[in-house]
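S.K.: Could you work out the structure for the sequence below:
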Amino acid sequence: MSPINTDPYVFAIEGVVMNGQKNQTKHDEVFVSYAWKAENEKAVVDRLEQACHQRDIILLRDNNEIKYKDSILEYMKKLGAGNYIIVVLSDAYLKSRFCMFELLTIHEHKQFHQRVFPIALQGLDINEPETKLDYLDYWDGKIESLEERMQKSRQAHRNGVNEDLNLYMEIRRSCDNLMTILADMNVLTEEIHVETDFEVLIDKILLTLNEDDKKQKEAARKKFRLKVKEKINQQLNRNPLFLLKTALVEELASQYPADTLCANDIETSIKSLHKATKKCFDFLLDENPSDTERQIIWNGAVSIFGWLILLSVQDEKVIAYEKLFNDESNNFNIKIPVETEAGIEVFVSRLSEQPATFKVDDACMDVAGRYCVGAHLPEGGCHEDDLVLEIKRLIWKSVFNQEPPAVFSKSDIDDLNYTLQVRREYGENHYLIIPVSVQNNPLNNPEVYRKLSEDLSALWTISIGRGENESEVLLMPEFHLLVLIREFLRINHKGNKK
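M.R.: Down below sits the predicted model:
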């Protein structure tokens, strides 16, 4: 397969290409908490920001994140809830109610030691008990001064000032504990950080990011496998599927077939389900079942198969693509390195966490997703508007299973677009496939795609085809997976019934 054309309307993940330009993949965002008004601290943070940028870390700081009329309080709360915060400690910081509010908020969100990466500026040594007492005295003085002023004031309504006093008291109560926690960390000096371009600090952040990323991926992997197991169990525990469950228990030599199916390698599990389903149908031939009984068992087996086959997708690929598919504002044509319509159905279903569903031709050879708007698009050479119209007609016929209008009115387009959106919420992922191996494919024309996406923003448009340098998204060769899907579907195919 030839690689996709990188026009301005294509978003290719394996690159990453957006609007025709390469875009670096960034690590998780890192906040920095510092005394905003202290010039020496701003200079250090400027250097830190440059160093982070060079290491592909997005450093979030006040002057970039707080826009005109934005809430300062809301930003400080967001910072306090951040997963990774660099705290620039200084005398000005420990005497600032804004900075101390941020520090209190960070502490309230737990895992303080794991989330905070401190820098101690020149002249600050919070290891000394006398230093701690100095700051405790400072906040005692702020409280006494404000209380004395409030007693002299004749203002009846001063809720804002009362809140400030409460904050001073909370800072005073927590100051000793917070400084003790920070003093226990091996905090390098400002000079060492600046001279090394913050190398040790950034290395530690990246190490933490990678460790957290691994934990999150493993947690997501386990969570999804648990969901698949639960969905398979739901089917097997239905009374009409007792025969299928019995066959699986025998085939897998396990009293817990769902557990075993999800624990084995995916190819072995698919073959085991195939054999058990085939055994059920062979048994039913001797029992002369009704078409309804047979269909109930087949529907259950297909549902189990649809969930099970999702485990053939590499978890890291799901993480790489899921943000694109979940972004409702994303109107880009998404390119995925698969080569078959069956492969894209498995991948899209995995991203949506919905069971894969398939349709086959009369010979049971051409396998595609049930809601796939097929790759049989109009040939090139027509006017762009005519091509867009023909593609819309194909989509209409696929979605509504009826002849499309000769000319689309605004209400027709609204109906089609909103139907696509609602059905996606209900688990029907309609999508248009563009095989990049087809020469002069109309949707490789950016103007055609732009016009189409303007009207049908709810439609996923996916280019398929894998270039030489693009890695597999599946755990097995794609055409092996295609064979396993096709052979499973043949069990109940009309041309295969006895």
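S.K.: Would you mind confirming that residue 428 is in contact with residue 371?
M.R.: Yes - here residue 428 reaches residue 371: they are 5.2 Å apart, a contact under Cβ atoms under 8 Å. (Each C-beta comes from the backbone N, C-alpha and C, glycine too.)
S.K.: Look at the two and report which has more neighbours.
M.R.: The neighbour count for residue 428 versus residue 371, taken as other Cβ atoms under 10 Å, is higher for residue 371 (22 against 16).
S.K.: Give me the nearest residue to the more buried one, chain neighbours excluded.
M.R.: Nearest in space to residue 371, with sequence neighbours left out and distances taken as Cβ to Cβ, 6 or more residues apart in numbering, is residue 430 at 4.5 Å.
S.K.: and what of residue 107?
M.R.: If you skip the residues right next to it in sequence, residue 107 has residue 178 as its closest partner in space, 6.3 Å away by Cβ to Cβ, 6+ apart.
S.K.: For the residue nearest to residue 371, give its distance to residue 175.
M.R.: 58 Å (Cβ to Cβ, to the nearest Å).
S.K.: Could you tell me how many residues sit around the closest residue to residue 225 other than its chain neighbours?
M.R.: Spatially, and ignoring its direct neighbours in sequence, residue 225 is nearest to residue 262 (5.3 Å; Cβ to Cβ, 6+ apart). The number of residues packed near residue 262 is 22, by other Cβ under 10 Å.
S.K.: How about the contacts made by residue 262?
M.R.: When the contact criterion is Cβ atoms under 8 Å, 6 or more residues apart in numbering, the partners of residue 262 are 225, 228-229, 232, 269, 308, 311.
S.K.: That one in helix, strand or coil?
M.R.: Here residue 262 is recorded as helix under DSSP: H, G, I helix; E, B strand; the rest coil.
S.K.: ok, now how distant is it from residue 345?
M.R.: 20 Å.
S.K.: What distance do you get for residue 71 to residue 105?
M.R.: Computed with Cβ to Cβ, the distance linking residue 71 and residue 105 is 14 Å.
S.K.: Looking at these two, which one has more neighbours?
M.R.: With neighbours defined as other Cβ under 10 Å, residue 71 and residue 105 compare such that residue 105 has more, 18 against 10.
S.K.: Okay, and that one sits in which element?
M.R.: Counting by DSSP states H and E, the element that carries residue 105 is helix 97-108.
S.K.: helices or strands next to that helix in the packing?
M.R.: Here helix 97-108 touches strand 30-33, helix 72-80, strand 85-89, helix 91-94, helix 159-184, going by 3 or more Cβ pairs under 8 Å, 6 or more residues apart in numbering; DSSP states H and E.
S.K.: Looking at the ones you listed, which is nearest to residue 482?
M.R.: strand 30-33 (43.3 Å; Cβ to Cβ).
S.K.: Next secondary structure element downstream of that closest one?
M.R.: In the C-terminal direction from strand 30-33 (assignment by DSSP H and E), the next one is helix 39-54.
S.K.: Check which helices and strands that following helix sits against.
M.R.: If contacts are counted by 3+ Cβ pairs under 8 Å, 6+ apart, helix 39-54 sits against strand 30-33, strand 59-60, strand 85-89, helix 190-195.
S.K.: now that helix and helix 97-108, what's the angle there?
M.R.: Between helix 39-54 and helix 97-108, the angle comes out at 50 degrees (axes from the mean of the first three to the mean of the last three Cα atoms, to 10 degrees).
S.K.: Tell me who's in contact with the residue nearest to residue 191 when sequence neighbours are not counted.
M.R.: Counting by Cβ to Cβ, 6+ apart, the nearest residue to residue 191 once its immediate chain neighbours are dropped is residue 122, at 7.0 Å. Contacts here follow Cβ under 8 Å, 6+ apart; on that basis residue 122 touches 189-191.
S.K.: Go through those and say which is closest to residue 357.
M.R.: Ranking the contacts of residue 122 by separation from residue 357, with Cβ to Cβ as the measure, puts residue 190 on top at 60.0 Å.
S.K.: How is the chain partitioned into domains?
M.R.: Here the chain is described, according to automatic domain parsing, as comprising the domains 30-197, 210-312, 315-496.
S.K.: for those, which one sits closest to residue 203?
M.R.: For these, the distance to residue 203 is smallest for domain 30-197, at 8.8 Å, taking Cβ to Cβ.
S.K.: Just the mean pLDDT for that closest one, thanks.
M.R.: Averaged across domain 30-197, the pLDDT comes to 90.
S.K.: what residues are up against residue 249?
M.R.: Applying Cβ under 8 Å, 6+ apart, we find residue 249 in contact with 255, 257.
S.K.: Oh, that last question was meant for residue 81, not what I typed.
M.R.: In this structure, residue 81 makes contact with 105, 109, judged by Cβ under 8 Å, 6+ apart.
S.K.: run the last query once more with 10 Å
M.R.: Under the criterion of Cβ atoms under 10 Å, 6 or more residues apart in numbering, the neighbours of residue 81 are 31, 105-106, 108-109, 115.
S.K.: same thing with residue 202?
M.R.: With contact set as Cβ under 10 Å, 6+ apart, residue 202 has these partners: 30, 48, 51-52, 54-57, 86, 117, 193, 196.
S.K.: Whatever helix or strand it lives in to helix 39-54, inter-axis angle?
M.R.: Of the helices and strands defined by DSSP H and E, residue 202 is found in helix 199-236. Relative orientation of helix 199-236 with respect to helix 39-54: 50 degrees, computed using the same axes, to 10 degrees.
S.K.: C-terminal to helix 199-236, which secondary structure element comes first?
M.R.: The first helix or strand that comes after helix 199-236 along the chain, using DSSP H and E, is helix 242-252.
S.K.: Could you give me the buried positions within that following helix?
M.R.: 243-249, 251-252 (16 or more other Cβ atoms under 10 Å).
S.K.: and those residues as CSV, adding distance to residue 130 and pLDDT?
M.R.: Formatted as CSV, the entries for the buried residues of helix 242-252 read as follows, by distance: Cβ to Cβ, whole Å; pLDDT from 0 to 100:
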residue, distance to residue 130, pLDDT
243, 80, 92
244, 76, 94
245, 73, 95
246, 77, 95
247, 78, 95
248, 72, 96
249, 73, 96
251, 75, 95
252, 70, 95
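S.K.: circling back to that earlier point, let me know the pLDDT of the residue nearest to residue 225.
M.R.: The per-residue pLDDT reported for residue 262 equals 95.
S.K.: same check, this time on residue 253
M.R.: Among the per-residue scores, residue 253 shows a pLDDT of 95.
S.K.: Let me know how buried it is, in neighbour terms.
M.R.: Each residue near residue 253 was counted by other Cβ under 10 Å, and the total is 9.
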